[in-house]
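Colleague: Need a 3D model of the sequence below.
(2 chains)
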Amino acid sequence: QSALTQPASVSGSPGQSITISCTGTSSDVGGYKYVSWYQQHPGKAPKLMIYDVSNRPSGVSNRFSGSKSGNTASLIISGLQAEDEGDYYCSSYTSSSTVVFGGGTKLTVL
Amino acid sequence: QVQLVESGGGLVKPGGSLRLSCATSGFTFSDYYMSWVRQAPGKGLECVSYISRSGSTIYYADSVKGRFTISRDNAKNSLYLQMNSLRAEDTALYYCAKYSRGWDFDYWGQGTLVTVSS
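Modeller: Model prediction:
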């Protein structure tokens, strides 16, 4: 199962909005509603930020939102803050009955 | 609160074996699928294996199939990963992760480091 495709890095200034894309195929992202996004700070475990394409777990800021169109999912972070800096990973359920992750995107807050 | 605590990592020679454990608390362990997810140094995440609530359904990534065995003890609220025939490319931080009701991981442990080197 190939990893989902994410940009290696994105950046933005405080207060701005950024979008991280996650491209798969009809056998994963495009075929199911089970796309998730995780935030990881250095030396820490991943944290679930979005599940089922666009749902936020309790406690996650509403500045984080998710969407999907065809085989590409997106994570949108609005009102960028310094604490948002870190690595972001998407994941999707697949037709092989497992979960595949994206390669990760490093977000830099300028 | 939900807690996942991994143990059992360490330095092992190629071809060696290790058994990872994950002790859980704060939720009804037997109600959830569980998984081991690894992260090689400076790399991304890989779902290595998962196990269903009763243990009747098990998945292994191709990279570990035939070498790793996942298991669980619902009476002890614990998850295990027996790793045999270890290779240098198995070097990674191994996370124990809990599935939500869907296909996302809503809780993660802090990880246990496995280093395979001669």
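Colleague: if I look at the residue nearest the centre of chain B, how far off is residue A:95?
Modeller: Taking Cα atoms, centre = their mean as the criterion, residue B:36 is the residue nearest the geometric centre of chain B, at 2.7 Å. Distance, residue B:36 to residue A:95, using Cβ to Cβ, to the nearest Å: 22 Å. Quick note: C-beta positions are derived from backbone N, CA and C, even for glycine.
Colleague: and the residue nearest to the centre of chain B, what helix or strand is that in?
Modeller: Secondary structure from DSSP states H and E places residue B:36 in strand B:34-39.
Colleague: what residue ranges in chain A are flagged as low confidence?
Modeller: A:1 (pLDDT under 70).
Colleague: rerun at 80
Modeller: A:1-2 (pLDDT under 80).
Colleague: so does the longest strand seen in it get close to chain B?
Modeller: The longest strand of chain A (DSSP state E) is strand A:86-93. Yes: counting by Cβ under 8 Å from any Cβ of the partner chain, chain B is contacted by strand A:86-93 at A:89, A:91, A:92, A:93.
Colleague: Not counting its neighbours along the chain, what's nearest residue A:106?
Modeller: residue A:9 (4.6 Å; Cβ to Cβ, 6 or more residues apart in numbering or on different chains).
Colleague: any idea how far that neighbour is from residue A:27?
Modeller: Taking Cβ to Cβ, one finds residue A:9 at 27 Å from residue A:27.
Colleague: Quick check: residues of chain B near chain A?
Modeller: Residues of chain B lying near chain A (Cβ under 8 Å from any Cβ): B:35, B:44-47, B:50, B:59, B:61-62, B:95, B:100, B:102-106, B:108-111.
Colleague: any chance you could map the strands in chain B?
Modeller: Using DSSP E, strands in chain B cover B:3-7, B:10-12, B:18-25, B:34-39, B:45-51, B:58-60, B:68-73, B:78-83, B:92-99, B:105-108, B:112-116.
Colleague: quick one: which of those is nearest residue A:21?
Modeller: strand B:45-51 (17.4 Å; Cβ to Cβ).
Colleague: ok and the strand holding residue B:36 relative to strand B:45-51, angle-wise?
Modeller: Put simply, strand B:34-39 runs at 160 degrees to strand B:45-51, going by axes from the mean of the first three to the mean of the last three Cα atoms, to 10 degrees.
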